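A.B. asks: got a predicted structure here, sequence first:
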Amino acid sequence: MTGTHSLGEKVRSIRESRSMTVEQLAERADLAPGLVAQIESGSLIPSLSPLIRIARALGVRLGTFLDDEEHVGPVVSRVGEHERVVRFSGRDHPSHSDLDFFSLAANKAGRHMEPFLIDIHPLSAQAPRASAHEGEEFIYVLSGEVEVTYGKDLYRVKAGDSIYYDSIVPHHVHSAGDQEARVVAVVYAP
């Protein structure tokens, strides 16, 4: 499964398996039906927040959208084997992704955390949009420098630093300046 289109296909497949219409899913997730349709078709690069709402409305873990086949035992993620990418954006009507997520626990059955390796691209001129959702996030910066807008505060986090926060507070993670950054992030969504 690569790219946003496959993610949308997974959302649609799960929704259809539950005999739900796009409108019913949108209502349960408290999202606009058009947004759900765009995510399903792959024409929109979503932010993490609506995907968490969709997962809840469908009664699945967020990671279900990334999994192909679940394994009960440990899942080992090897360097250079991060071929499955999910792209996210924190802007309205994005033309490209701000964040490329590589799952580090794909196919691990029953997990409660979602660990990711994330490549963070420099922001375009369009201002980022903060997201908020239940849960917690932990970010460890591997390279580059990121800015985390958290409520009304701004935190600069550089290589070797980490930040842990409650996701219910509106937040946005982006690269500091015009340089790429790479982080390990763990998202917990109850």
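C.D. replies: On my side now, so go ahead.
A.B. asks: which helix or strand contains the nearest residue to Ser143 once chain neighbours are set aside?
C.D. replies: Nearest in space to Ser143, with sequence neighbours left out and distances taken as C-beta to C-beta, 6 or more residues apart in numbering, is Arg182 at 4.7 Å. In this view, the C-beta of every residue, glycine as well, is placed from N, C-alpha and C. Per DSSP states H and E, Arg182 falls inside strand 181-188.
A.B. asks: check Gly110 too.
C.D. replies: Gly110 is part of no helix or strand, with elements assigned from DSSP H and E.
A.B. asks: please report the distance of it from Ile14.
C.D. replies: Gly110 sits 17 Å away from Ile14, going by C-beta to C-beta, to the nearest Å.
A.B. asks: how about Ile168?
C.D. replies: From Ile168 over to Ile14 the distance is 25 Å, taken as C-beta to C-beta.
A.B. asks: okay, those two: which has more neighbours?
C.D. replies: Higher neighbour count among Ile168 and Ile14: Ile14, with 18 against 11, using other C-beta atoms under 10 Å.
A.B. asks: secondary structure element for that one, which one?
C.D. replies: helix 3-17.
A.B. asks: what comes up buried for that helix?
C.D. replies: For helix 3-17, the neighbour count (16 or more other C-beta atoms under 10 Å) marks Thr4, Ser6, Leu7, Gly8, Lys10, Val11, Arg12, Ile14, Arg15 as buried.
A.B. asks: so the third one touches Phe65, yeah?
C.D. replies: It stands for Leu7. Yes: the pair Leu7 / Phe65 is scored as a contact, 5.3 Å apart, by C-beta atoms under 8 Å.
A.B. asks: bridged to the residue nearest to Ser143, which residues?
C.D. replies: Beta-bridge partners for Arg182, by DSSP bridges, are Asp119, Ser143.
A.B. asks: is it in contact with Ile118, as I believe?
C.D. replies: Yes: with contact defined as C-beta under 8 Å, Arg182 reaches Ile118; the gap is 7.0 Å.
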